[in-house]
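**Q** dropping a prediction and its sequence here:
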Amino acid sequence: MKKSILLFLGALAASTSAVAHPGHGLESGFAAGFMHPFSGWDHLLVMFALGIWAARRPAAQGWQLPVLFVTVMAISASFAMAWLPVALAETLVTASVVVMGLLLVSNFKLNRAVQIGVVSIAAAAHGYLHGMEIGNQWSGLAGMVLATAVLHGLGWVLGRQTHPQFQSATQLLGGLMLGFGAVWMLA
């Protein structure tokens, strides 16, 4: 476990850019959209962490947060595909890594309006950047939405686990996200 963490940190430190939107190989279509959230650390971490965090909310509220994220992200991506400019999206995506890491590490009790606001802002920023990269590929948007839902679902399953090792693992993930997000913001 320690060796894996050290290798992961070393690989992260060796990267030259905090920007997690370089194109990722596939150029268009459903497969490109589906693979995109899995290929950028910021997307992967935030979407997974949101699923975990949402799973720990009261049952009547938690499921709504990933649904809200996917919906706002898709709408925001649609706006980006129509070329509506948003200058701070990259910064907001990086900040979402820090915020989600903080939420995993802490036991902050956020009121419902703040939860909805945090999720909506993160989703809009992620969606905008996804939409800019996808261009006018609506099948790519469909793939991205599905991949996002899958990542939220995986996080949800982990977040519902009650074994102390799972609790420790999610706090470790949150701490790593805080560190990575801080490094990305400074880069």
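**A** That came through, no problem. Fair warning: this is a prediction, and the values are worked out from it, not measured in the lab.
**Q** for the residue nearest the centre of the chain, what are phi and psi?
**A** Among the residues of the chain, the smallest C-alpha distance to the mean C-alpha position (CA atoms, centre = their mean) belongs to V46, namely 2.5 Å. For V46, the backbone dihedrals are phi -70, psi -40 (criterion: degrees, to the nearest 10).
**Q** return the residues in contact with it.
**A** Taking CB atoms under 8 Å, 6 or more residues apart in numbering, we find V46 in contact with V93, S96, V97, M100, A122, H126. Using the backbone N, CA and C atoms, a C-beta is placed for each residue, glycine as well.
**Q** between these, which is nearest G174?
**A** Of all the contacts of V46, G174 sits closest to M100, with 7.6 Å by CB to CB.
**Q** you'd agree H130 is up against M73?
**A** Yes - under the criterion of CB atoms under 8 Å, H130 makes contact with M73 at 7.0 Å.
**Q** common neighbours of the two, please.
**A** Shared contacts of H130 and M73, defined by CB under 8 Å, 6+ apart, comprise M144.
**Q** show the subsequent helix or strand relative to the helix or strand that contains S96.
**A** Element membership of S96 [criterion: DSSP states H and E] is helix 89-105. Scanning forward in sequence from helix 89-105 by DSSP H and E, the next helix or strand is helix 112-134.
**Q** just give me how far that following helix sits from the chain centre.
**A** 9 Å (CA atoms, centre = their mean, to the nearest Å).
**Q** can you pull the buried residues of it?
**A** Of the residues in helix 112-134, those buried under the neighbour-count criterion (16 or more other CB atoms under 10 Å) are 115-116, 118-134.
**Q** quick one, strands of the chain?
**A** Secondary structure of the chain by DSSP state E: no strands are present.
**Q** residue ranges with poor pLDDT in this structure?
**A** For the chain, the stretches with pLDDT under 70 are 1-27, 83-87.
**Q** that one: helices as residue ranges?
**A** With helices called from DSSP state H, the chain shows them at 2-14, 29-39, 41-55, 59-62, 64-81, 89-105, 112-134, 138-159, 164-186.
**Q** okay, those helices, which one's buried deepest?
**A** Using mean count of other CB atoms under 10 Å, the stretch among the helices of the chain with the greatest mean number of neighbours is helix 41-55 (a mean of 25).
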